[in-house]
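Asker: structure for the following, please:
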Amino acid sequence: MKLRLRPSLPAVLTGLRARIVLAFVAIVAFALALVLASLPRLLDGYFVQQSLDDLRTRTSVMETLVFNRLVQAQTAGVEAPRAILEPTEPLRASRYVREALGTPEAGYLRDLVERVARANVTVTIAEDPARPAAVAYRLAVDLPDDFGAPGQEREPFSHAVSVTLADLWWTETDAAAPQRLVTVTLSEPFSFRAQTLETIVGVMSLAAAVALLMAVIVSILLADRLTNPLRRLTVAAKELAEGRLDVRVTPPTGANEVAELTHAFNTMAERLEESIEFIRRDRDRSRDFVADVSHELRTPIAALRTFNELLADGAADDDATRQEFLEQSRQQIDRLDWLATNLLELSKLDSGLVLLDLRPDDLRAVVESSMEQAQPTADRKGIELRMELPGRPVRQRHDPQRLGQVLGNLLGNSIKFTPAGGRVTVALAETPAGAELSIADDGVGIDPAELPYVFERFYRGSRVHESRAAGSGLGLSIVRSIVEMHNGRVAITSTPGKGTQVTISLPRDMSVSSSAEGTASTSA
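Answerer: A predicted model of the protein is given here:
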């Protein structure tokens, strides 16, 4: 089951996601605050400098126009130059100067103020450049506050330009013409600086608000991308802890650490599910096995109790009856001993207490010994035992006792499920990889549906054939464990009604360490 989660508002506002969002938004807000705090000041300084430069330019233009006007007033219309300052006590501007510049309400200077200067203008003429404070003439033209265009405001700036002008009228005397200091001052000009700065700040504030909003949205999406996989892992871990072993987490896109963590979690969950499933199956088989063992134990115990009671009630007086009861009791005791021995053997194999005594002996000896032990049982059932051994020794590192136990179990099964007149063949062959043992019979065979499970412990097959269900289900499991301890493999093929063949493959190169590893893997 793939786990997919959609982020909710409470989840966004809590935990790691909230901290990521707050940190991201705080950084963006801090950066925007720095920009809004510093940039208006920088822009204001820039606009002030621009206003001052513009004021200087207009002052220079006004100074040039006023200077040309005064020169024209001296020389226009007459052959002799006119005086700038009349030689009175004290000196004062001549009529020609006053007429040329006009008054504060009208005239040439007023027109220049409104059209060119667009600021308060003051024109002064001093008697001597060395004494600028000795002003003989002063004309100030002020603009009203509502003169400026909409959005314009007065600036607290002023700039003055001075130039000397020779009073040519004095040249009629023998003395040199005096120099007059003409000063043009512009003050409180109109400009759009304040409105422009306010507009820029407003636009910047709006842009900052939009940027902050976008930062919140982007941070939420980014936090969701970063934390949602972790949140899915957390929820999946809780589901896994509650027993939902099929839960899986969809890996996020991109090769990153979270994707690797998700892959590791899914791998862990899959292995855990397989382990739990194996434990459940093993538990179910163990439960069935305990039930079967209980049933098997009750049968000989009940028989022994019955025999004991009959003997106690007087059956012992008859020699034939007593001998029959004793023989039956011996068989039931052998059955109990056989069951206890198999359980103890499997327990040792599972716990890793069995260590192999590996020897480089001839495998033919193990086969011959096992055949000799099985021959009496085969003779009683009328079954032919056949060996197919190579002509030369097959030396292979193995534990003769444990491998003999494997052959004994397999021969016992073959004899048990082969009817009278049948045949069991044991073949040994040397292969490039090691050696191969096969035990084949022409008995009742095994149902194909049961073949994948015959080597599992506690498995006894269906009860269709009572002979197959009579065992404990431990013999083939013990066979597989011992073969795997030799780093070998065991396989089985069978056809119902035609027989069964078990093949054991043993590797040539094996050591004590490899056998120990096989033991550990078997016990695991």
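
Asker: quick one: secondary structure of Phe147?
Answerer: Of the three states, Phe147 takes coil under DSSP: H, G, I helix; E, B strand; the rest coil.

Asker: spit out the contact partners of the closest residue to it other than its chain neighbours.
Answerer: With sequence-adjacent residues excluded and distances taken as C-beta to C-beta, 6 or more residues apart in numbering, Phe147 is closest to Phe190, at 7.0 Å. Quick note: C-beta positions are derived from backbone N, CA and C, even for glycine. Residues in contact with Phe190 (C-beta atoms under 8 Å, 6 or more residues apart in numbering) are Arg118, Ala119, Leu143, Phe147, Gly148, Ala149, Gln152, Glu153, Arg154, Glu155.

Asker: filter the residues you listed down to just the ones in strands.
Answerer: The strands, defined by DSSP state E, take in Glu153, Arg154 from the contacts of Phe190.

Asker: just the buried ones from the contacts of Phe190?
Answerer: Among these, those scoring as buried are Arg118, Ala119, Leu143, Gly148, Gln152, Arg154, Glu155 (criterion: 16 or more other C-beta atoms under 10 Å).

Asker: return the item of those residues having minimum pLDDT.
Answerer: Within the buried ones among the contacts of Phe190, pLDDT reaches its minimum at Gly148, with 80.

Asker: pop the domain breakdown of this structure in here.
Answerer: 257-332, 353-523 (automatic domain parsing).

Asker: what strands flank the longest strand along the chain, and is each parallel or antiparallel?
Answerer: Longest strand in the chain, counting residues (DSSP E): strand 131-141. Within its sheet, strand 131-141 is paired with strand 120-128 (antiparallel), according to DSSP bridges.

Asker: and for the strand it pairs with, what's in contact with it?
Answerer: Outside strand 120-128, the residues within contact range by C-beta under 8 Å, 6+ apart are 62, 66, 84-85, 91, 93, 97, 101, 109, 112-113, 132-143, 178-188.

Asker: from the buried ones among the contacts of Phe190, which is closest to Phe47?
Answerer: Comparing the buried ones among the contacts of Phe190 against Phe47 with C-beta to C-beta places Glu155 closest, at 9.6 Å.

Asker: wait, that closest one touches Pro189, no?
Answerer: Yes - using C-beta atoms under 8 Å, Glu155 is in contact with Pro189, at 5.4 Å.

Asker: identify the contacts common to the two.
Answerer: Residues within reach of Glu155 and of Pro189 at once, by C-beta under 8 Å, 6+ apart, are Ser51, Leu55.

Asker: just the helices from this structure, written as ranges.
Answerer: Taking DSSP state H as the criterion, the chain carries its helices at 9-12, 15-75, 95-101, 108-112, 193-241, 257-312, 319-351, 363-381, 400-416, 466-469, 475-485, 512-523.

Asker: out of those helices, deepest packed?
Answerer: The highest mean neighbour count among the helices of the chain, using mean count of other C-beta atoms under 10 Å, belongs to helix 475-485: a mean of 23.

Asker: who does that helix touch, helix- and strand-wise?
Answerer: Packing contacts for helix 475-485, counted by 3 or more C-beta pairs under 8 Å, 6 or more residues apart in numbering; DSSP states H and E, involve helix 319-351, helix 400-416, strand 489-495, strand 499-507, helix 512-523.

Asker: give the rounded mean pLDDT of the first one.
Answerer: Which is helix 319-351. On average, the pLDDT along helix 319-351 is 71.

Asker: worst average pLDDT in the domains of the chain?
Answerer: For the domains of the chain, the weakest mean pLDDT is recorded on domain 257-332, namely a mean of 76.

Asker: show me where the stretch 101-250 of the chain dips below the pLDDT cut-off.
Answerer: 168-175 (pLDDT under 70).

Asker: kindly recompute the last result at 90.
Answerer: Applying pLDDT under 90 to the stretch 101-250 of the chain flags the ranges 101-107, 109, 113-118, 126-137, 143-157, 163-180, 190-250.
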